[in-house]
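Engineer: Quick one, structure for this:
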Amino acid sequence: GMTLSYGTYTGPVKNGYPNGKGKLVYTKSRQINKYDSKGIVAQPGEYVEGLFVNGFLTVGKHYSADGQLLNKISAGVAEGVYEAK
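Structural biologist: Now for the predicted structure:
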């Protein structure tokens, strides 16, 4: 895994950023994707799984620490920032 200032990431890395299908467990509260119009914030212990592009979760799911689905994220696609297949 890769330790970030706000969490621990497991998955592919490119140029020092999460890039590809991975999982990120948050250790600090942080907005999941700055391009997300809903501005969803993950709290410590919560995690996301999905497709990362240049460090941003573009498509995926946000879970509570005990594995309950909290949100579906498609920020990058919705905002037209990334084209994710």
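Engineer: can you give me the helices in this structure?
Structural biologist: Remark: helices assigned in the chain by DSSP state H are 75-78.
Engineer: can I assume Met2 is in contact with Thr8?
Structural biologist: Yes - counting by CB atoms under 8 Å, Met2 touches Thr8, with 7.2 Å between them. No exception for glycine: its C-beta is placed from N, CA and C like everyone else's.
Engineer: tell me the pLDDT at Asn33?
Structural biologist: Per-residue pLDDT puts Asn33 at 87.
Engineer: now it, nearest residue through space, not along the chain?
Structural biologist: Closest residue in space to Asn33, ignoring its immediate chain neighbours: Ala75 at 3.9 Å, by CB to CB, 6 or more residues apart in numbering.
Engineer: tell me, how many neighbours does the one you found end up with?
Structural biologist: 23 (other CB atoms under 10 Å).
Engineer: And for Lys38?
Structural biologist: Other residues lying near Lys38 total 12 when counted by other CB under 10 Å.
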